[in-house]
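1. Predicted structure and sequence below. I'll ask about it afterward.
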Amino acid sequence: MNIVIVGTGYVGLVSGTCFAEMGNTVTCVDVNSEKIDRLKQGVMPIYEPGLQDLVVRNSKEGRLTFSTSLEECLDGADVVFSAVGTPPDEDGSADLRYVLEVARTFGRHIKKYTLLVTKSTVPVGTANKVRSVIQEELKVRGLSIPFGVASNPEFLKEGTAIEDFMKPDRVVVGVDDEESCRIMRALYRPFMLTGDRVQICDIPSAEMIKYAANSMLATRISFMNDIANLCELVGANVDAVRKGIGSDLRIGKKFLYPGCGYGGSCFPKDVKALIYTGKSLGYPMQVLEAVERVNDAQKNVLFSKLRKLLPNLAGKKIALWGLAFKPGTDDMREAPSLTLIDALLKAKCQVCAFDPVALGEAKRRLGHKPVELRADMYEVLVDADALVIVTEWKQFRVPSWSVMRKIMKGRLIVDGRNMYDRQEVIEEGFTYERIG
């Protein structure tokens, strides 16, 4: 099948590469010419394990190409995926300008039946706007060319995106005609050899499923953080509580780990968008409003714990392990580390940080802020008064306590991800503070 993917971010680039891996002919389109030039050279705009090898191989074998012009790619296209950004406006609503611009270009240049699939996360009702824009452009052209519109939300997790796409637990497809349904089933059939996991539904439901899924996961995180904070006050152990409730099959174990708040490109944006949708229809999303408040507060927990244990923070050197919002990615959007760094700098601390892959992104985001970034996890600890663990990278799991004792000035560890056994850390000579 001849596929065009518009947008080369996480969703677009991973989707296009995986479709090419299955034998399709794929063109990834982006208006950023510098990004396209770098992709042609095999240079990735994002960090995602395994992605570069797949891109280079499929490009070399001719199944994956890159372009800056959607117009030039439409003649032979069977399916066009819109995977452009939908950044939140100040009121929390999703900005659809890029989605609708793709629809306009699509309507201006298609010459035969083509299916336009929205893969970006968009509010319920977006497909109707997309369809109207296409029809308007065809009317201007004085043509009546048949086309299809579908919704195919993504459920990729940064750090495991390739695996998620190649072996999906479900593929949600929203359609309202048989031809679109046939095309989408054919497109995903190679990924379903162990069992059909394609869920066909109406388009509004497909659009809602994505928001509801991310909002539910965000809710579990904020709920567990609330429980963790209460555990500290009543003297309970949040690990025991987590295991106790997670063993209930109705609840399950996933997304019940307390921490220092969620971040990234999806959860914050999608929770805000669903809250906005409710408000615009006169229905307040009270649970999600609370989820957002809890998460905003949780991002301040690490600084609060640090200030409690080190009342005179001014002039203290604080080392950070982890800057990305989660392991397996260099993404720092809405990362708890940013909130912590701002608070530490305001308290006149010396901040020194390490992350296995996000140092480049950190330089870009932090700009001229006086934060020392180091390429070694132990280098940041030299003369540090305290260590704060913000991201649970695997290489932090078994640190050299002897090295840490030798190079650190202080003996305080504040663990925002509950990576260690408390008694073990105390026996190694450290004061250890964790979540819950």
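-> That came through fine.
2. from here on, contacts and neighbour counts on C-alpha atoms
-> OK.
3. what's the neighbour count on Glu372?
-> Glu372: 13 surrounding residues under other Cα atoms under 10 Å.
4. Where does it sit: helix, strand or coil?
-> strand (DSSP: H, G, I helix; E, B strand; the rest coil).
5. Roughly how far does it sit from Leu320?
-> 10 Å (Cα to Cα, to the nearest Å).
6. Pull up the overlap in contacts between these two.
-> Here Glu372 and Leu320 share the contacting residues Val351, Cys352, Ala353, scored by Cα atoms under 8 Å, 6 or more residues apart in numbering.
7. Looking at the residues you listed, which one is closest to Gly125?
-> Nearest to Gly125 out of those is Ala353 (Cα to Cα; 43.4 Å).
8. How is that closest one assigned, secondary-structure-wise?
-> Three-state assignment for Ala353 (three-state DSSP): strand.
9. That one pairs with what?
-> With DSSP bridges as the criterion, Ala353 is bridged to Leu320, Leu373.
10. In the protein, spot the helix with the most residues.
-> Counting residues, the longest helix found in the chain (DSSP state H) is helix 203-234.
11. Quick check: next helix or strand after that helix?
-> Going down the chain from helix 203-234, the next helix or strand is helix 238-246, by DSSP states H and E.
12. what about Lys254, distance to Gln298?
-> 19 Å.
13. which of these two has more neighbours?
-> The neighbour comparison of Lys254 against Gln298 (other Cα under 10 Å) goes to Gln298, with 22 against 11.
14. Export the shared contacts of Glu372 and Leu320 to TSV and append columns for neighbour count, pLDDT and distance to Lys326.
-> Listed next are the shared contacts of Glu372 and Leu320 as TSV, based on neighbours: other Cα atoms under 10 Å; pLDDT from 0 to 100; distance: Cα to Cα, whole Å:
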residue	neighbour count	pLDDT	distance to Lys326
Val351	22	98	20
Cys352	22	98	19
Ala353	27	98	15
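15. Pipe those into JSON lines and attach distance to Thr65 per row.
-> Shown next, in JSON lines, are these (distance: Cα to Cα, whole Å):
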{"residue": "Val351", "distance to Thr65": "43"}
{"residue": "Cys352", "distance to Thr65": "41"}
{"residue": "Ala353", "distance to Thr65": "38"}
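16. ok, of these, which one's closest to Cys28?
-> Closest approach to Cys28 among the shared contacts of Glu372 and Leu320 (Cα to Cα): Ala353, at 35.4 Å.
17. quick one: the closest one and Lys317 touch, right?
-> No: with contact taken as Cα atoms under 8 Å, Ala353 and Lys317 are classed as non-touching, separated by 10.5 Å.
18. Low-confidence stretches in this protein?
-> Across the chain, nothing is flagged by pLDDT under 70.
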